[in-house]
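Q: I would like to see how this sequence folds:
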Amino acid sequence: MFCILAGNCLLAFAVEAFVIPHGIIMGGTTGIAIVLSRLSGVDTAAAVLALNGLLLAAGGLVLGRKLVATTLASSLLYPVFLGFIQRIPGVGSLTDNALMAALFAGTLIGVALGIVMRVGSSTGGMDIASLMLHKWTHIPVSVCVYVMDVLVIGGQALTSRPEPILYGLVVLVLESLALDKVMILGQAQIQLFIISGRYEAIRRQILTDLQAGATMVPIETGALGQSQMGVLCVIPHRKLFAAKELIRRIDPAAFITITQVKEVRGRGFTLERAVRDLSDL
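A: Residues are numbered from 1 along each chain as shown. Got it, this is the predicted structure:
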C-alpha cells in the first residue's frame with residue numbers, strides 16, 4: 001500500500017509542478033482533464049476524479065470486479081493528491097524553463113508509474129479504457145494503449161502550440177525510459193555464455209571462486225563440428241569484472257557473450273541458495 005501511496009503522490013506532484021504550469025501535453029485521464037480545464041474552467045483534480053470514477057464503473061461492468069479491486073486505490077488516491085498538491089503555494093513556479101519542466105516531468109512520472117506497477121497495481125484511468133477496447137475488438141492491449149494515447153494527445157494538440165507538443169513528446173520518451181529502469185531496479189542481472197575447450201576448468205572456477213551457479217549446455221562448434229559444452233551462468237553486475245578476468249586467465253581465446261537480463265527467478269536469486277561441498281570439483 002505504501003508504494004501505491006508514494007507513486008500516486010509523486011505522479012500528482014509531477015503533474016501539478018511541471019506539466020500543468022507549462023501547458024505540456026500528456027496522455028491518460030490527466031490529459032483529458034487538462035483539456036476540459038482549459039475549455040470550461042473545471043478543476044483539474046475534480047475532472048480526473050470524475051473520469052476515473054466513470055471508467056472504473058464501466059470497467060467493473062465490462063471486465064469484472066477483480067479489475068475494480070486492483071485499480072480502486074489509485075483511481076481515488078491520484079485525484080485526491082492532485083487536489084491537495086495544487087493548493088501548495090508556489091508548487092507551479094519551481095521553474096520557468098519549459099524544457100527543464102519537461103525533463104523533470106517525464107522522469108518523475110516514469111518513476112511514479114514504476115513504483116505503482118512494481119507491486120502489481122496500476123494508476124487506472126485510460127488503462128481501463130484500453131482493456132475494454134481490447135475485449136471488444138481483440139486488438140492487442142499494447143496497441144489499444146497507443147491508440148488511446150494518440151487520441152488524447154491529438155485532442156490536446158488541437159488546442160496547443162507546437163512547442164508544448166514537442167515538450168510532451170520529451171515527457172513521453174523520458175517516462176518510458178524511467179518506467180523501464182524502475183521496473184527492473186534491483187532485479188537485473190548479467191548472463192554469460194562461454195564457449196571454450198577448457199569448459200570444465202571454467203565451470204569449476206565459476207562455482208568455487210565466484211560462488212555463482214553454472215549450467216552446462218551441449219553445443220557443436222560451427223567450423224569443426226566438434227561436440228563440447230558451453231557454460232551458462234547468471235551473476236550480479238558487481239561480479240562481471242571478476243568473471244571476465246577468471247575466464248581470461250583460464251582461456252584467453254574463450255568466446256564470451258554478455259547479456260543483461262531484466263529479471264531472474266529461482267534458486268540462488270528469489271529462493272535461498274543451495275549450499276554444497278565443492279571441494280571435490
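
Q: how close does L103 get to W136?
A: Note on L103: its distance to W136, by C-beta to C-beta, to the nearest Å, is 37 Å. For glycine as for every other residue, the C-beta is placed from the backbone atoms N, C-alpha and C.

Q: From the neighbour counts alone, determine which of those two ranks first.
A: Using other C-beta atoms under 10 Å as the criterion, L103 and W136 rank with L103 on top: 17 against 10.

Q: before we move on, which element is that one in?
A: helix 98-117 (DSSP states H and E).

Q: what's the average pLDDT for that helix?
A: What helix 98-117 shows for mean pLDDT is 89.

Q: tell me what the helix or strand following it is packed against?
A: Going down the chain from helix 98-117, the next helix or strand is helix 126-137, by DSSP H and E. Counting contacts by 3 or more C-beta pairs under 8 Å, 6 or more residues apart in numbering; DSSP states H and E, helix 126-137 packs against helix 44-63, helix 65-85, helix 141-157.

Q: Using a markdown table, lay out those together with mean pLDDT and distance to I34.
A: Below are the helices and strands packed on helix 126-137 laid out as a markdown table (pLDDT from 0 to 100; distance: least, C-beta to C-beta, whole Å):
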| stretch | mean pLDDT | distance to I34 |
| --- | --- | --- |
| helix 44-63 | 80 | 6 |
| helix 65-85 | 76 | 11 |
| helix 141-157 | 70 | 7 |
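
Q: Out of those, the one nearest L210 is which?
A: Among the helices and strands packed on helix 126-137, helix 141-157 comes nearest to L210, with 38.1 Å by C-beta to C-beta.

Q: What is the three-state secondary structure of I190?
A: Assigned with DSSP: H, G, I helix; E, B strand; the rest coil, I190 falls in the strand class.

Q: Cross-check the contact I'm expecting between it and I258.
A: Yes: counting by C-beta atoms under 8 Å, I258 is a contact partner of I190 at 6.3 Å.

Q: any shared contact partners between the two?
A: L240 (C-beta atoms under 8 Å, 6 or more residues apart in numbering).

Q: In terms of neighbours, single out the busier of those two.
A: Remark: of I190 and I258, I190 carries more neighbours, 18 against 12, as counted by other C-beta under 10 Å.

Q: how near is that one to A178?
A: Distance, I190 to A178, using C-beta to C-beta: 22 Å.
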